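Trainee: I need the structure of the sequence given here:
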Amino acid sequence: MSMHFSVLASGSTGNAVYVETEQQAFLVDAGLSGKQMELLFQQIDRNVANLNGILVTHEHSDHIKGIGVLARKYQLPIFANQKTWSAMAGLIGEIPTDLKFTFEMEAVKTFGGLQIESFGVSHDAIEPMFYVFHYEGKKLVIITDTGYVSDRMKGIISNADVFVFESNHDVEMLRMGRYPWSIKQRILSDVGHVSNEDAALAMSDVIGDQTKRIYLAHLSKDNNMKELARMSVTQTLQSQGLGVGETFQLYDTDPKTPTILTAV
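Mentor: Purely as a prediction, here's the structure:
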């Protein structure tokens with residue numbers, strides 16, 4: 001018995017992560033169009049219709065773009081905290097009442113043998129939160145869209161078997177890039193996104209004996225590159241005494257191509 005997952009899409013243009021056990025299947029966010037989401041599911045040989053629900057992290061469009069379409073077409077339950085539900089009003093169309101469920105921050109819901117834990121992050125949304133999946137002694141953490149990783153967050157996510165961890169930007173690329181200064185300030189702020197280096201420093205505090213895989217997620221298409229993120233994270237982790245490729249591995253994610261469906 002095992003839990004499997006695929007990072008279906010990750011980046012500035014849309015985000016979605018698929019998680020399944022033998023009895024349950026959930027999607028964390030649906031930040032691409034309904035049609036694009038269906039195509040991503042086909043690439044991992046899965047069917048949207050078999051989902052038990054969609055878990056929402058926050059109301060930004062790169063996380064909710066396809067939610068309304070998928071919910072209505074496949075009659076899928078949608079889970080979000082109350083403030084996020086309010087913020088999504090008018091952004092995802094009408095959702096039938098019987099498909100709307102509340103999943104508050106710092107809560108745990110159990111679906112068969114699968115436990116899903118929510119935790120707050122620091123981002124410029126109304127009440128952003130991400131999720132930890134617990135199943136048969138295995139732990140999968142999804143954490144992106146946060147300006148920093150607090151000690152509280154670290155306590156919740158520590159020693160996961162698998163991390164899907166934000167590595168959003170290279171600071172120098174961002175500073176020298178074409179974005180208006182106001183956008184740069186937002187990304188660099190405590191309610192923006194973590195840089196490659198800051199992500200790695202946070203990782204160094206939460207990697208544990210169980211940790212086997214780290215997926216670098218939500219890379220900026222303008223202010224980062226896969227090779228740069230991987231190099232920067234590797235160097236920072238090595239400076240903290242952690243050897244990438246020894247007890248754990250780093251993996252890329254992509255805005256358009258899912259990662260291989262893999263056991264946690």
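Trainee: distance of residue 88 from residue 62?
Mentor: In this view, residue 88 and residue 62 are 13 Å apart by CB to CB, to the nearest Å. (Glycine included, C-beta is placed from N, CA and C.)
Trainee: whoops, residue 196 was the one
Mentor: Distance of residue 196 to residue 62, computed by CB to CB: 19 Å.
Trainee: just the pLDDT for residue 1.
Mentor: pLDDT, residue 1: 81.
Trainee: also residue 53?
Mentor: 98.
Trainee: which residues touch it?
Mentor: By CB atoms under 8 Å, 6 or more residues apart in numbering, residue 53 lies in contact with 26-27, 76-79, 101.
Trainee: residue 101 now?
Mentor: By CB under 8 Å, 6+ apart, the residues touching residue 101 are 53, 77-80.
Trainee: select the longest helix from the protein.
Mentor: helix 226-239 (DSSP state H).
Trainee: tell me the helix or strand right after that one.
Mentor: Per DSSP states H and E, helix 226-239 leads on to strand 249-252 as the next helix or strand towards the C-terminus.
Trainee: who has more neighbours out of residue 196 and residue 62?
Mentor: residue 196 (28 against 20; other CB atoms under 10 Å).
Trainee: what's near enough to touch the more buried one?
Mentor: With contacts taken as CB under 8 Å, 6+ apart, residue 196 has the following neighbours: 167-171, 224, 228-229, 232-233, 236.
Trainee: for those, which one is nearest residue 95?
Mentor: Ranked by distance to residue 95 (CB to CB), the contacts of residue 196 are led by residue 168 at 29.4 Å.
Trainee: and that closest one, what are its phi and psi?
Mentor: Main-chain torsions, residue 168, degrees, to the nearest 10: phi -70, psi -50.
Trainee: okay, it: pLDDT?
Mentor: pLDDT, residue 168: 98.
Trainee: which residues in the stretch 151-264 of the chain form strands?
Mentor: In the stretch 151-264 of the chain, the segments counted as strands under DSSP state E, counting those that start in this stretch are 162-166, 213-217, 249-252, 262-263.
Trainee: can you say which of those strands is packed in most?
Mentor: Among those, strand 162-166 has the highest mean neighbour count (mean count of other CB atoms under 10 Å), at a mean of 27.
Trainee: what's that strand in contact with?
Mentor: Residues from elsewhere that reach strand 162-166, judged by CB under 8 Å, 6+ apart: 5, 7, 10, 17, 139-146, 157, 193-194, 199, 202-203, 206, 211-218, 253, 264.
Trainee: select only the buried ones of those residues in PyMOL?
Mentor: Those of the contacts of strand 162-166 that count as buried under 16 or more other CB atoms under 10 Å are selected in PyMOL with:
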select buried, resi 5+7+10+17+139+140+141+142+143+144+145+146+157+193+194+199+202+203+206+211+213+214+215+216+217+218+253+264
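Trainee: from residue 91, how far out is the residue nearest to residue 34 when sequence neighbours are not counted?
Mentor: Nearest residue to residue 34 in three dimensions, chain neighbours excluded: residue 69, at 3.3 Å (CB to CB, 6 or more residues apart in numbering). From residue 69 across to residue 91, the span is 12 Å (CB to CB).
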